Each structure stands twice: as structure tokens, then as C-alpha cells.
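>>> please work out how this folds:
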Amino acid sequence: MDMRKVVGLNVLRIRRERGISQEELSFRSGFGRAYLSGLQTGKRNPTVVSLWEIANALDAEPADLLRAAAPEDQPTVGLSRPKRRGLTKRQAIRASGLTEKGWTEPK
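Numbers count the residues shown, from 1 in each chain. The predicted structure follows:
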């Protein structure tokens, strides 16, 4: 697994175990919520200093953020959004069969 995803999953798991919101982690660590969200989804490549600050904000060891978690320890909800298929909003509504008047059978 990509190390960025390992770190992101560990930050997410530890944050949830400690009952810390993303906003609270942002306040404690000094990093913005957008950065932390990108980190938790494996889209950011944190520096050693960033890992140190985030670990301290989570009251964890920096090494805890680098360990590959066992499959049962990995969070499964809210990791990433489904990728868009390139449809406009109108096309997606039409494809789903939903209209302003309610549900219709797709053609």
C-alpha cells in the first residue's frame, strides 16, 4: 500500500479512536482542515516535521502514523468520494431517472 494512504488511514483511525474532530485536530496541530482531509485520503505527502506535529496533536508517537494497520483496524467509512464519470449534473439526474416531478423509469 502507498505510504501516503498508510499515514492517512492511521491519522483517521487514531483521530476517531481519540474522539477528535478534524476541526479540533486542525486547531491542535496548526494545519488547515483541507490539508488534514487531503492527508487522511492519501493525497498529501507530509514531511517528517508535519508527521511530528500531527502525532503530537493526536497524543501519539510519530511511528504510530507509519505502521501499516491490520485490515480490521482500518477505517472503511468516509475515505474518499466516488469518482465522477464526467457527467454534468443534468445528465446525472436524467440518467438516474429522477426529475423535478419525481421518480421515472430510466429509458
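>>> buried sites along the helix ranked longest in the chain?
Of all segments of type helix in the chain, defined using DSSP state H, the longest is helix 3-17. By neighbour count, with 16 or more other C-beta atoms under 10 Å as the criterion, the buried positions of helix 3-17 are 4, 5, 6, 7, 8, 9, 10, 11, 12, 13, 14, 15. C-beta here means a position set from N, CA and C on the backbone, and glycine is covered the same way.
>>> do a quick rundown of the helices in this structure.
If DSSP H is used as the criterion, the helices of the chain fall at 3-17, 22-29, 33-40, 48-57, 62-66, 89-96.
>>> sorry, back to before: mean confidence for the longest helix of the chain?
In this model, helix 3-17 carries a mean pLDDT of 94.
>>> could you give the angle of it to helix 22-29?
Our comparison of helix 3-17 with helix 22-29, counting by axes from the mean of the first three to the mean of the last three C-alpha atoms, to 10 degrees, yields an angle of 100 degrees.
>>> in terms of secondary structure, what does helix 3-17 contact?
On a contact count with 3 or more C-beta pairs under 8 Å, 6 or more residues apart in numbering; DSSP states H and E, helix 3-17 meets helix 33-40, helix 62-66.
>>> export the buried residues of helix 3-17 to CSV and tack on distance to residue 66?
Putting these into CSV (distance: C-beta to C-beta, whole Å) gives the following:
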residue, distance to residue 66
4, 11
5, 12
6, 7
7, 7
8, 11
9, 11
10, 7
11, 11
12, 14
13, 13
14, 12
15, 16
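>>> residue 8 reaches residue 35, doesn't it?
No - the criterion here is C-beta atoms under 8 Å, and residue 8 misses it with residue 35 at 11.5 Å.
>>> overlap in contacts of the two?
Between them, residue 8 and residue 35 share the neighbouring residues residue 44, with contact defined by C-beta atoms under 8 Å, 6 or more residues apart in numbering.
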